[in-house]
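Engineer: sequence and computational prediction follow.
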Amino acid sequence: MNFLNIQPISYLKTNTSDVVKQVLETQDPVAITVNGRVQAVVQDPVSFQKTQDQIAMLRILALGRKQIEEGKVMDHDDVVALFEAEDKES
(Lines give C-alpha, C1' and ligand atoms only; values in the text may rest on other atoms or scores of the structure.)
Protein backbone atom coordinates (compact mmCIF):
# COMPACT_ATOMS: atom_id res chain seq x y z
CA MET A 1 0.00 0.00 0.00
CA ASN A 2 1.45 3.35 -1.02
CA PHE A 3 0.77 6.54 0.92
CA LEU A 4 1.73 10.07 0.01
CA ASN A 5 1.86 11.22 3.62
CA ILE A 6 3.61 8.99 6.13
CA GLN A 7 4.28 10.17 9.67
CA PRO A 8 5.77 8.46 12.71
CA ILE A 9 3.53 7.98 15.70
CA SER A 10 5.68 10.45 17.65
CA TYR A 11 4.65 13.16 15.16
CA LEU A 12 1.00 12.23 15.62
CA LYS A 13 1.38 12.38 19.39
CA THR A 14 2.78 15.91 19.34
CA ASN A 15 0.79 17.26 16.37
CA THR A 16 -2.56 15.50 16.57
CA SER A 17 -4.67 18.56 15.81
CA ASP A 18 -2.47 19.45 12.82
CA VAL A 19 -2.76 15.94 11.39
CA VAL A 20 -6.54 15.93 11.83
CA LYS A 21 -6.84 19.40 10.29
CA GLN A 22 -4.72 18.33 7.30
CA VAL A 23 -6.74 15.15 6.77
CA LEU A 24 -10.01 17.07 6.89
CA GLU A 25 -8.78 19.76 4.48
CA THR A 26 -7.07 17.53 1.92
CA GLN A 27 -9.17 14.36 2.32
CA ASP A 28 -5.87 12.48 1.90
CA PRO A 29 -5.15 9.79 4.47
CA VAL A 30 -2.06 9.90 6.68
CA ALA A 31 -0.24 6.66 7.36
CA ILE A 32 1.13 6.36 10.89
CA THR A 33 4.26 4.32 11.44
CA VAL A 34 5.57 2.50 14.49
CA ASN A 35 9.20 1.45 14.23
CA GLY A 36 9.18 2.29 10.52
CA ARG A 37 6.16 0.16 9.62
CA VAL A 38 2.67 1.47 8.83
CA GLN A 39 0.42 0.48 11.71
CA ALA A 40 -2.56 2.80 11.31
CA VAL A 41 -4.21 5.21 8.90
CA VAL A 42 -5.93 8.48 9.80
CA GLN A 43 -8.73 9.25 7.35
CA ASP A 44 -11.52 11.83 7.23
CA PRO A 45 -15.02 10.49 7.92
CA VAL A 46 -16.47 11.38 4.50
CA SER A 47 -13.75 9.47 2.65
CA PHE A 48 -14.07 6.59 5.10
CA GLN A 49 -17.83 6.34 4.50
CA LYS A 50 -17.32 6.55 0.74
CA THR A 51 -14.84 3.67 0.95
CA GLN A 52 -17.25 1.62 3.06
CA ASP A 53 -20.06 2.26 0.57
CA GLN A 54 -17.81 1.18 -2.31
CA ILE A 55 -16.86 -2.01 -0.48
CA ALA A 56 -20.54 -2.77 0.16
CA MET A 57 -21.33 -2.27 -3.54
CA LEU A 58 -18.47 -4.56 -4.55
CA ARG A 59 -19.77 -7.24 -2.17
CA ILE A 60 -23.24 -6.95 -3.74
CA LEU A 61 -21.75 -7.25 -7.23
CA ALA A 62 -19.68 -10.27 -6.19
CA LEU A 63 -22.78 -11.93 -4.73
CA GLY A 64 -24.69 -11.25 -7.95
CA ARG A 65 -21.91 -12.72 -10.05
CA LYS A 66 -21.83 -15.81 -7.82
CA GLN A 67 -25.59 -16.24 -8.13
CA ILE A 68 -25.34 -15.98 -11.92
CA GLU A 69 -22.56 -18.59 -11.99
CA GLU A 70 -24.68 -20.90 -9.82
CA GLY A 71 -27.71 -20.43 -12.05
CA LYS A 72 -29.73 -18.74 -9.31
CA VAL A 73 -31.37 -16.29 -11.69
CA MET A 74 -34.85 -15.66 -13.03
CA ASP A 75 -35.90 -14.47 -16.46
CA HIS A 76 -37.24 -10.90 -16.53
CA ASP A 77 -40.66 -12.00 -17.74
CA ASP A 78 -40.89 -14.53 -14.90
CA VAL A 79 -40.08 -11.85 -12.32
CA VAL A 80 -42.71 -9.50 -13.76
CA ALA A 81 -45.29 -12.30 -13.74
CA LEU A 82 -44.40 -13.11 -10.13
CA PHE A 83 -44.93 -9.50 -9.04
CA GLU A 84 -48.18 -9.25 -10.97
CA ALA A 85 -49.45 -12.42 -9.32
CA GLU A 86 -48.56 -11.01 -5.88
CA ASP A 87 -50.37 -7.75 -6.68
CA LYS A 88 -53.53 -9.67 -7.64
CA GLU A 89 -53.44 -11.58 -4.34
CA SER A 90 -53.31 -8.34 -2.31
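Structural biologist: Looks like it came in fine. Numbering: from 1, shown residues only.
Engineer: state which helix of this protein is the longest.
Structural biologist: Using DSSP state H, we find that the single longest helix of the chain is helix 45-69.
Engineer: and the next helix or strand past that one?
Structural biologist: helix 76-89 (DSSP states H and E).
Engineer: what is the neighbour count of Leu4?
Structural biologist: For Leu4, the neighbour count with other CB atoms under 10 Å is 9. Glycine gets a C-beta too; all of them are placed from N, C-alpha and C.
Engineer: surely it is within a strand?
Structural biologist: No - per DSSP: H, G, I helix; E, B strand; the rest coil, Leu4 lies outside any strand segment and is coil.
Engineer: what's the distance between it and Gln27?
Structural biologist: 12 Å (CB to CB, to the nearest Å).
Engineer: hey, what's in contact with both of these two?
Structural biologist: Counting by CB atoms under 8 Å, 6 or more residues apart in numbering, Leu4 and Gln27 have no shared contacts at all.
Engineer: quick check, Ala40 in a helix?
Structural biologist: No - counting by three-state DSSP, Ala40 is not found in a helix; it is strand.
Engineer: show me what the helix or strand of the chain with the lowest mean pLDDT is packed against.
Structural biologist: Least confident helix or strand, the chain: helix 76-89 with a mean of 91, by mean pLDDT, DSSP states H and E. When contacts are defined as 3 or more CB pairs under 8 Å, 6 or more residues apart in numbering; DSSP states H and E, helix 76-89 sits against none of the other helices and strands.
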